[in-house]
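*Asks:* Dropping a prediction and its sequence here:
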Amino acid sequence: MFGDAARAERVALTATLVALIGAGAWVSIPFVPVPLTLQTLFVLLSGMLLRRWGFLPPLCYLVLGTLGLPVFHNGLAGVGVLLGPTGGFMVGFVAAGLVAGLAYERRERPVRMAGLVLAGLAIYAFGAAWLAVSTGMPITAAVAVGALPFLPGDALKTVVAYTLGARLEAS
């Protein structure tokens, strides 16, 4: 990192976004079977700000939580959380950071917007699939309870992320 300002900035931004994803988990509204949190907002920002490296903050977040730091929703920690009904959604954060990041390597607005939507769909795909596996419910039921109720809130978080990203990029 000595003399490499871009790399130092990437490391600092990664650490900041890991902290924000963790803080977003603490803003948790109990909901069954998956709580409402602000994590997706910061996962999307990870991709937007770090581009192809956008998968790193969610990945580091998962590693920290798996190692026992209470960074998961409601202050939970450990591999058991990842094996529970919310685990697929959190693993989907890594894919979402990458998808959003790759979209943000392009300058075209429609590509960026599509990337954010696809990033959200990646979270739902991983989450609903694992919710079905971990609970034994059919995939249609997992989508009905693990994705559909969250669409309005995630749409709002996506708009906020897009707006924040545009403001941060302009500065």
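*Replies:* Noted; the coordinates are in hand.
*Asks:* what pLDDT, on average, does the top helix by length along the chain get?
*Replies:* Ranked by residue count under DSSP state H, the longest helix found in the chain is helix 109-135. Confidence over helix 109-135 (mean pLDDT, whole number) is 97.
*Asks:* same thing with stretch 46-58?
*Replies:* For stretch 46-58, mean pLDDT is 97.
*Asks:* If you count neighbours, what's buried in that stretch?
*Replies:* Residues 46-51, 53-58 are the ones in stretch 46-58 that count as buried (16 or more other Cβ atoms under 10 Å). (C-beta placed from N, C-alpha, C; glycine too.)
*Asks:* Show only the entries of those residues found in helices.
*Replies:* Those of those lying in helices (DSSP H): 46-50, 56-58.
*Asks:* Let's have these in TSV, adding distance to Leu131.
*Replies:* Shown next, in TSV, are those (distance: Cβ to Cβ, whole Å):
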residue	distance to Leu131
Ser46	23
Gly47	23
Met48	27
Leu49	29
Leu50	28
Leu56	25
Pro57	23
Pro58	18
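*Asks:* quick one on the thing from earlier: and the longest helix of the chain, what does it pack against?
*Replies:* Under the contact definition 3 or more Cβ pairs under 8 Å, 6 or more residues apart in numbering; DSSP states H and E, helix 109-135 sits against helix 39-50, helix 87-103, helix 139-146, helix 151-170.
*Asks:* Could you measure from the closest residue to Val160 other than its chain neighbours over to Val94?
*Replies:* Spatial nearest neighbour of Val160, excluding adjacent residues (Cβ to Cβ, 6 or more residues apart in numbering): Leu41 at 6.1 Å. Between Leu41 and Val94 the computed distance is 16 Å (Cβ to Cβ, to the nearest Å).
*Asks:* Can you spell out which helices and strands pack onto the helix or strand of the chain with the lowest mean pLDDT?
*Replies:* Within the chain, judged by mean pLDDT, DSSP states H and E, the helix or strand with the poorest mean is helix 151-170; its value is a mean of 90. Applying 3+ Cβ pairs under 8 Å, 6+ apart, one finds that helix 151-170 contacts helix 39-50, helix 109-135.
*Asks:* out of those, deepest packed?
*Replies:* helix 39-50 (a mean of 27; mean count of other Cβ atoms under 10 Å).
*Asks:* in the host helix or strand of Gly65, what counts as buried?
*Replies:* Using DSSP states H and E, Gly65 falls within helix 56-66. By neighbour count with 16+ other Cβ under 10 Å, helix 56-66 contains the buried residues 56-62, 64-66.
*Asks:* Endpoints of stretch 50-63, how far apart?
*Replies:* 19 Å (Cα to Cα, to the nearest Å).
*Asks:* do the same with stretch 50-60
*Replies:* End to end - Cα to Cα - stretch 50-60 spans 14 Å.
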